[in-house]
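S.K.: Got a sequence here, can you model it:
(2 chains, ligands or ions: 2)
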2 protein chains.
Amino acid sequence: DHFIICGFGEVGKETAEELNRHKIPFVIVDLSLSEGDRARFSDYVMIEGDASEEEILEQAKIMKARGLISCLPEDPQNVFTVLTARQMNSNLQIVSRASLKRTVLKLKKAGANRVITPKAIAGKQLATVSIKPEVMHFLETISSGESDAIHIEACTLEKGSGLIGKSLRESNIGQYTGAVVIGILNAQGVLRSNQTNRSTISTIELEEGDILMAMGSEEQHKSLLNFSREK
Amino acid sequence: DHFIICGFGEVGKETAEELNRHKIPFVIVDLSLSEGDRARFSDYVMIEGDASEEEILEQAKIMKARGLISCLPEDPQNVFTVLTARQMNSNLQIVSRASLKRTVLKLKKAGANRVITPKAIAGKQLATVSIKPEVMHFLETISSGESDAIHIEACTLEKGSGLIGKSLRESNIGQYTGAVVIGILNAQGVLRSNQTNRSTISTIELEEGDILMAMGSEEQHKSLLNFSREK
Ligand SMILES: [Ca+2]
Ligand SMILES: [Ca+2]
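M.R.: Numbering: from 1, shown residues only, chains lettered A, B, ... in the order given. Ligands and ions are numbered 1, 2, ... in the order given. Predicted structure coming up:
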């Protein structure tokens, strides 16, 4: 149930740090690990080798992995790694970095579920932080890695949940759990909204498979999960 | 009330596109604009020159600008540009790209209000999209640039607002405006929360200067703004 991080440059280091913060296990694969990095990150599991080679991915236990994150510096390296990984494990969650926007489609065809383009997201963030600094600050606050902080979690309504058929207003989620539901995605991942502009999401009738996007502390999210499982 | 975008590489282009989507005026400054870019972006205002030179920033009307966004490829160029801009206009909102993490502090000392590091945010996003794909999808949906979509806006409670002294529950914001308040920042930008885990933000007593972070359509945000200004 671990992740494989391919590439341990600046992007790979940041990815590892974030997984580490969430206490999620991972293995790093890099073609050439420096002595400095080995010493500085001695508590990380590292394999030196080419991540696009099957035997290296076998060493990283790809068949048992939950996901692979390809963040190699050159796009062709990412394409090859994604191709190899996808051939070996068809159920793996694969995400990849793309240095150039025009590689995004190639990476998806190679088998990546999601692709992140650093320069594109940087441009978006530079614009957002300029025109809506408070919104940006808020989004950063709630998506920060600190576990005691208020953050967003997803809570899926499984079959039999007592919340199905109720609206948020009727459910009293806030009162019982302290978590605040800020959005509802349907099972296909589409944001649910009311037809009319005057009514809020609090009157939408919840359905099986709906994903409640909630804000709260770790404890409040646990409380919501339990609450959603009551019949 | 315009923005000055310094650098028209990949990051600069993405920044310009995002400002354009929000119909916010901007001027581009780049040392060397290609004929291809001039033709492709013929509706953009462009100045060819060194953004760290006073006379170029004067041409870009820095004294009348709302903000400057420095997204040059090399960090020393960004530092020089930020320094020049800050000397010329002490009130300007300045944000900058930093290619390397170790330049962030230098850029802030030079006068940048906010600094964005593309590789660092890419690493964070690769991790988040791997471990919480629904949350990532939701954040992307609500921060997308489409104006008819549900998105987050900030609404500051000015002196005299009828909401001051009330809680969200008492205010009936949802019922009157359709917008959903998902967080409250105080005037210092700190997330407000209740002491106890069991209670929600809906019982916090609103104060002057509080910033309501609300989700809704363009129309719902306008409605909330008007509602917040009622005595
Ligand atoms: Ca080595
Ligand atoms: Ca030229």
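
S.K.: in chain A, which spans are strands?
M.R.: A:3-6, A:26-30, A:45-48, A:67-70, A:93-97, A:114-116, A:151-156, A:180-185, A:211-216 (DSSP state E).

S.K.: Mind listing the strands the first one pairs with, and their directions?
M.R.: Same thing as strand A:3-6. strand A:26-30 (parallel), strand A:67-70 (parallel) (DSSP bridges).

S.K.: The third one too?
M.R.: Using DSSP bridges, the strands paired with strand A:45-48 in its sheet are strand A:26-30 (parallel).

S.K.: same thing with the shortest one?
M.R.: Each strand pairing with strand A:114-116, determined using DSSP bridges, is listed with its direction: strand A:93-97 (parallel).

S.K.: related to what we said a few turns ago, worst mean pLDDT among the strands of chain A?
M.R.: For the strands of chain A, mean pLDDT drops lowest on strand A:180-185, to a mean of 87.

S.K.: how far is that strand from where the chain is centred?
M.R.: Put simply, strand A:180-185 sits 17 Å off its chain's centre (C-alpha atoms, centre = their mean, to the nearest Å).

S.K.: for it, packing partners?
M.R.: helix A:173-177, strand A:211-216, helix B:133-142, strand B:180-185 (3 or more C-beta pairs under 8 Å, 6 or more residues apart in numbering or on different chains; DSSP states H and E). From N, CA and C alone the C-beta is placed, and that goes for glycine too.

S.K.: Just name the most buried of these.
M.R.: strand A:211-216 (a mean of 24; mean count of other C-beta atoms under 10 Å in any protein chain shown).

S.K.: near chain B, anything from that strand?
M.R.: Yes. Strand A:211-216 reaches chain B (C-beta under 8 Å from any C-beta of the partner chain) through A:211, A:213, A:215.

S.K.: What is the burial count for residue A:49?
M.R.: Residues near residue A:49, counting by other C-beta atoms under 10 Å in any protein chain shown, number 16.

S.K.: just residue A:90 next, same as before
M.R.: 7.

S.K.: what are the ranges of the helices in chain A?
M.R.: Under the criterion DSSP state H, chain A contains helices at A:10-21, A:35-40, A:54-59, A:75-88, A:104-110, A:118-131, A:133-142, A:168-171, A:173-177, A:218-229.

S.K.: buried residues in the second one?
M.R.: So the one you mean is helix A:35-40. residue A:37 (16 or more other C-beta atoms under 10 Å in any protein chain shown).

S.K.: One more: the first one?
M.R.: Of all the residues in helix A:10-21, those buried under the rule 16+ other C-beta under 10 Å are A:10-20.

S.K.: will you turn the helices and strands packed on strand A:180-185 into TSV that also has distance to residue B:127?
M.R.: Listed next are the helices and strands packed on strand A:180-185 as TSV, based on distance: least, C-beta to C-beta, whole Å:
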stretch	distance to residue B:127
helix A:173-177	26
strand A:211-216	18
helix B:133-142	10
strand B:180-185	23
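
S.K.: which regions of chain A lie under the pLDDT threshold?
M.R.: A:144-148, A:194-200 (pLDDT under 70).

S.K.: mind running it again at 80?
M.R.: Applying pLDDT under 80 to chain A flags residues A:141-150, A:193-202.

S.K.: re the thing from before, can you redo the strands paired with strand A:3-6 as a markdown table with mean neighbour count and distance to ligand 1?
M.R.: Below are the strands paired with strand A:3-6 laid out as a markdown table (neighbours: other C-beta atoms under 10 Å in any protein chain shown; distance: least, C-beta to the ion, whole Å):
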| stretch | mean neighbour count | distance to ligand 1 |
| --- | --- | --- |
| strand A:26-30 | 23 | 9 |
| strand A:67-70 | 28 | 20 |
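
S.K.: Could you save those strands as TSV and add columns showing distance to residue A:47?
M.R.: Formatted as TSV, the strands paired with strand A:3-6 follow (distance: least, C-beta to C-beta, whole Å):
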stretch	distance to residue A:47
strand A:26-30	5
strand A:67-70	13
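
S.K.: Compare these and give me the one nearest residue A:56.
M.R.: The closest of the strands paired with strand A:3-6 to residue A:56 is strand A:26-30. By C-beta to C-beta, the value is 6.0 Å.

S.K.: of all the helices and strands packed on strand A:180-185, which lies closest to residue A:228?
M.R.: Among those, strand A:211-216 sits nearest to residue A:228 (C-beta to C-beta), with 7.2 Å.

S.K.: partners of the closest one in the sheet?
M.R.: Partners of strand A:211-216, by DSSP bridges, with direction: strand A:151-156 (antiparallel), strand A:180-185 (antiparallel).

S.K.: contacts for it?
M.R.: Identification of contacts with strand A:211-216 by C-beta atoms under 8 Å, 6 or more residues apart in numbering or on different chains yields A:142, A:150-157, A:173, A:177-187, A:189, A:206, A:220-221, A:224, A:228, B:134-135, B:138, B:182-183.

S.K.: With stretch A:97-106 instead?
M.R.: By C-beta under 8 Å, 6+ apart, stretch A:97-106 touches A:7, A:11, A:70-75, A:78-79, A:107, A:115-120, B:10, B:122, B:126.

S.K.: Give me the distance from it to the chain's centre.
M.R.: Worked out by C-alpha atoms, centre = their mean, stretch A:97-106 lies 19 Å from the chain centre.

S.K.: cool, stretch A:82-99 as well?
M.R.: 15 Å.

S.K.: sorry, back to before: okay, the strands of chain A in JSON lines with distance to residue B:103 next?
M.R.: Below are the strands of chain A laid out as JSON lines (distance: least, C-beta to C-beta, whole Å):
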{"stretch": "strand A:3-6", "distance to residue B:103": "24"}
{"stretch": "strand A:26-30", "distance to residue B:103": "24"}
{"stretch": "strand A:45-48", "distance to residue B:103": "27"}
{"stretch": "strand A:67-70", "distance to residue B:103": "25"}
{"stretch": "strand A:93-97", "distance to residue B:103": "21"}
{"stretch": "strand A:114-116", "distance to residue B:103": "22"}
{"stretch": "strand A:151-156", "distance to residue B:103": "28"}
{"stretch": "strand A:180-185", "distance to residue B:103": "35"}
{"stretch": "strand A:211-216", "distance to residue B:103": "33"}
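
S.K.: nearest to residue B:61, of these?
M.R.: Using C-beta to C-beta, the strands of chain A put strand A:114-116 closest to residue B:61, at 35.4 Å.

S.K.: residues of that closest one that come out buried?
M.R.: A:114-116.
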